[in-house]
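*Asks:* predicted model and sequence follow; I will ask about them next.
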Amino acid sequence: MRKNYGFWSLSKHKMLMECEMKWALNYYIAKRGEFESKPPFLQLAWRLKHLNSLFLLFGDFIHQIIEEEVNTLMETGEVLSDTKIRGKLSDMLEQSFRKSKNDLDLWHKDPKATTMLYEIYYDGGLGDNTTQLIKQRIDKCVSGFVHSATINEIIVKGNVKIMEAEKFRSFYVDGVRVVLSADLIYHDQDNDVWGIVDWKTGKQAQDDVLQLALYSMYLEYTYGANLDIMVTNEYLENGTSKSYVIDKYETDNLRNLVQQSAKRMAELEENINLPDTEVMGVFHKTENKERCDKCNFKAICLEEQKDMHINNFLQGVGRKKGKRAVKERDIVMMREFVRSGMPVDERVIDFLEESPYETEDSHRSKVERMSEFMIGY
Ligand code: SF4
């Protein structure tokens, strides 16, 4: 078997299971769009790859804060404060939300350097429901962390040494380079037990144990075989935890999975170097629409997403002053679709190249031109 030239990870594997096209766009094709000389659809893919959903961002931020808090606790013994952590987390999310709302142009130029939320890009904002949900999740997860068994029974009461926290690491499973990022690895000095903790902000899932088995294999690979290892998932939202000792059956299953999955990835990678004009045609798109609904790349794959922006754009343009609803986001999307080769009337192209809000007169004349076009749309 040809070795895959990338790497294997559980999240990469899960994305492949979700949709081949998403996997290819996210891990390979989108990178080509980093440069302005590339075709517009690749540049769009590069931007979409960097969309961040509010809940994913929340997960990243809480992991960052947990790492800092655990380090401070180990170094100073300072008691954790729910209020301080909640405040910090809310501020970080608020800031990202504001950036996302106000820095569309910046994101457009350099999507890696600034944040754009999926909810703002596709839905225009956070609904009341999402805002409520995220507030509840902040409260529950912070409380779950502060009162977790790992903090209170292991770190505060035990005699532990933190070995590694949140470091990107890799090791080899039967010749395949596997990358992972375990949240916390400690060594219980009194009982000579190694512990790995994964802080979970979401619900319990079937493959949680698989991930822990991977961490366990990494420890044995790095620190030696036959270690006494305890792996734990801390489910922050409901304040529960589950610990396991991984056995041979689970590691054998994992080895098989890595082999099969890496083999499939290597087969697909054979097509990754096809020219820009051909590469999008060779990967399968999932037929499960629910997956597409939540996918960053839906502006590339789904016709109705393109239509949504076109309709918003045209309807907004046709409205009277004071009720204009053309959003900058829709104009940006329209520009991208047009540049990607979507056929539209020339007047739309002219309109897109100008600012719609310069003066009342210019707006009116643009509306007139657009109205003509809209009759035939
Ligand atoms: S929108 Fe659907 S088909 Fe396209 S990459 Fe995403 S999941 Fe796959």
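*Replies:* Ah, there it is. Numbers count the residues shown, from 1 in each chain.

*Asks:* confidence score at the residue nearest to Lys49 when sequence neighbours are not counted?
*Replies:* In this structure, Lys49 finds its nearest non-sequential neighbour in Ala30, 4.0 Å apart by C-beta to C-beta, 6 or more residues apart in numbering. C-beta coordinates here come from the backbone N, C-alpha and C atoms, glycine included. Model confidence at Ala30, given as pLDDT, is 94.

*Asks:* likewise for Lys298?
*Replies:* 93.

*Asks:* quick one: it and Asp123 touch, right?
*Replies:* No. Counting by C-beta atoms under 8 Å, Lys298 sits too far from Asp123 to count as a contact (11.8 Å).

*Asks:* compare the two (neighbour count), which wins?
*Replies:* Lys298 (20 against 13; other C-beta atoms under 10 Å).

*Asks:* how far away is the more buried one from the ligand?
*Replies:* Plainly put, Lys298 is 4 Å away from the ligand if you go by C-beta to the nearest ligand atom, to the nearest Å.

*Asks:* do the same with Gly33
*Replies:* 15 Å.

*Asks:* excluding chain neighbours, what is closest to Ile162?
*Replies:* Tyr186 (5.2 Å).

*Asks:* next, the contact list for that neighbour, please.
*Replies:* Neighbour list for Tyr186: 154-155, 160-163, 194-195, 197 [criterion: C-beta atoms under 8 Å, 6 or more residues apart in numbering].

*Asks:* just say helix, strand or coil for it.
*Replies:* strand (DSSP: H, G, I helix; E, B strand; the rest coil).

*Asks:* just use 28 as the starting number from now, easier for me
*Replies:* Sounds good: first residue 28 from here, last item Tyr213.

*Asks:* what ranges of the stretch 178-327 of the chain fall below the confidence cut-off?
*Replies:* Counting by pLDDT under 70, the stretch 178-327 of the chain contains low-confidence ranges at 191-194.

*Asks:* redo that, cut-off 90
*Replies:* Low-confidence segments of the stretch 178-327 of the chain (pLDDT under 90): 180-197, 208-210, 218, 229-239, 246-255, 271-278, 300, 302-308, 326-327.

*Asks:* quick check: residues of it near the ligand?
*Replies:* Residues of the stretch 178-327 of the chain lying near the ligand by C-beta under 6 Å from any ligand atom: 312-313, 318-319, 322, 324-325.

*Asks:* host element of Asn260?
*Replies:* Using DSSP states H and E, Asn260 sits in strand 256-262.

*Asks:* now that strand: how far from the chain's centre is it?
*Replies:* Here the centre of strand 256-262 is set off from its chain's centre by 23 Å, with C-alpha atoms, centre = their mean, to the nearest Å.

*Asks:* strand partners (parallel or antiparallel) of the helix or strand just after it?
*Replies:* Sequence-wise, the next helix or strand downstream of strand 256-262 (DSSP H and E) is strand 267-271. Sheet pairing of strand 267-271 (DSSP bridges) gives strand 256-262 (antiparallel).

*Asks:* which residues are contacting the strand it pairs with?
*Replies:* Under C-beta under 8 Å, 6+ apart, the answer for strand 256-262 is 171-172, 175-177, 220-227, 230-231, 235, 239-240, 242-243, 246-247, 268-273.

*Asks:* filter those down to just the buried residues.
*Replies:* Among the contacts of strand 256-262, those buried by neighbour count (16 or more other C-beta atoms under 10 Å) are 171-172, 175, 177, 220-227, 235, 239-240, 242-243, 246-247, 268, 271, 273.

*Asks:* next up, phi/psi of Phe198, please.
*Replies:* phi -150, psi 180 (degrees, to the nearest 10).

*Asks:* roughly how far apart are it and Ala240?
*Replies:* 13 Å (C-beta to C-beta, to the nearest Å).

*Asks:* swap in Leu83?
*Replies:* Distance of Leu83 to Ala240, computed by C-beta to C-beta: 24 Å.

*Asks:* show me the domain layout of this protein.
*Replies:* 77-174, 180-294, 329-402 (automatic domain parsing).

*Asks:* neighbours of the residue in the stretch 128-277 of the chain that the ligand sits nearest to, how many?
*Replies:* Across the stretch 128-277 of the chain, no residue is closer to the ligand than Tyr149, which sits at 11.4 Å (C-beta to the nearest ligand atom). Tyr149 has 20 neighbours, counted by other C-beta under 10 Å.
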